[in-house]
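Student: Below are the sequence and a predicted model; questions follow.
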Amino acid sequence: MSYTGQKSTGDKAKQYKDLEQTIDQAIKKVRGNKENDLCKYIPVDTGGYMHHFTLRKMKSKDPSELGSLIEKFILSPPKPSAVAPKQRAARGSRKRKDLFQFSKNQLDRLLNIARLAGDKEMIALLSPKKSLSSCKRQLMNAVKNNEVRQDYWDAYVEAIQQQKAIQNSITEASV
């Protein structure tokens, strides 16, 4: 070491050469083709095996530590064993768990209960969002049958507002 506390360039070159020899021996032992094949045999603290980026980083930042890991997990054992991959979260696991998942029949029953109670907010929340054309059709059929259905009118107004909002966002984006 020099007086600054850093290893000299000759020491680093020797360490790097030794590491390259160790890596070559380990690749031959696991019958791999490249350095990345070694990752599957080196466990990490967080579970699973070492990521290939970590291997590359250790190769330049801490070659002696990488060499000792390769020696310990690949070269020393008579038959090195591959480490099981880290358990990953299942797809869709980021979905909120506290939300209820209702079937169509359950939603229909809740909607009927809300209609009987006259709760407009719950009706609007539970009603399926309809297209403008289907809202028009429902409203026209109600008028033809001399029915007054406030929920049909509310759905029609909401569909028109959604359509206007979409048109406004398109015109703003084009400007």
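Tutor: Looks like it came in fine.
Student: Please make it C-alpha for all contacts and neighbour counts, starting now.
Tutor: Will do.
Student: hang on, isn't residue 58 packed against residue 66?
Tutor: Yes - the pair residue 58 / residue 66 is scored as a contact, 6.0 Å apart, by CA atoms under 8 Å.
Student: more neighbours, these two?
Tutor: Between residue 58 and residue 66, counted using other CA atoms under 10 Å, residue 66 has the larger neighbour count: 22 against 15.
Student: how far away is the residue of the chain positioned farthest from its centre from residue 139?
Tutor: Distance from the C-alpha centroid of the chain, by CA atoms, centre = their mean, peaks at residue 146 (52.0 Å). Noted for residue 146: a distance of 10 Å to residue 139, by CA to CA, to the nearest Å.
Student: all strands in this structure, in order from the N-terminus.
Tutor: In chain order, the chain shows no strands, with DSSP state E as the criterion.
Student: tell me the domain boundaries of it?
Tutor: The record's domain parsing of the chain by automatic domain parsing lists 10-75, 101-126, 131-175.
Student: ok, and which of those has the densest surroundings?
Tutor: The highest average neighbour count among these, using mean count of other CA atoms under 10 Å, belongs to domain 10-75 at a mean of 16.
Student: Just give me how far it sits from the chain centre.
Tutor: Here the centre of domain 10-75 is set off from its chain's centre by 29 Å, with CA atoms, centre = their mean, to the nearest Å.
Student: model confidence over it, on average?
Tutor: Mean per-residue pLDDT for domain 10-75: 88.
Student: what's the span of that domain, first residue to last?
Tutor: For domain 10-75, the first-to-last residue distance is 26 Å (CA to CA).
Student: and what of stretch 142-158?
Tutor: First-to-last residue span, stretch 142-158, CA to CA: 17 Å.
Student: how about the domains of the chain, which one is nearest residue 89?
Tutor: Taking CA to CA, domain 10-75 is the member of these nearest to residue 89, at 13.4 Å.
Student: thinking again about what came up before, with distance to residue 82 as new columns, can the domains of the chain be given to me in CSV?
Tutor: Formatted as CSV, those follow (distance: least, CA to CA, whole Å):
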stretch, distance to residue 82
domain 10-75, 5
domain 101-126, 40
domain 131-175, 53
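Student: How much space separates residue 57 from residue 48?
Tutor: Taking CA to CA, one finds residue 57 at 18 Å from residue 48.
Student: let me redo that: residue 111
Tutor: From residue 111 to residue 48 the distance is 48 Å (CA to CA).
Student: Please apply the same query to residue 102.
Tutor: 37 Å.
Student: Next: residue 83.
Tutor: According to CA to CA, residue 83 stands 6 Å off from residue 48.
Student: biggest helix in the chain by residues?
Tutor: In the chain, taking DSSP state H as the definition, the longest helix is helix 150-174.
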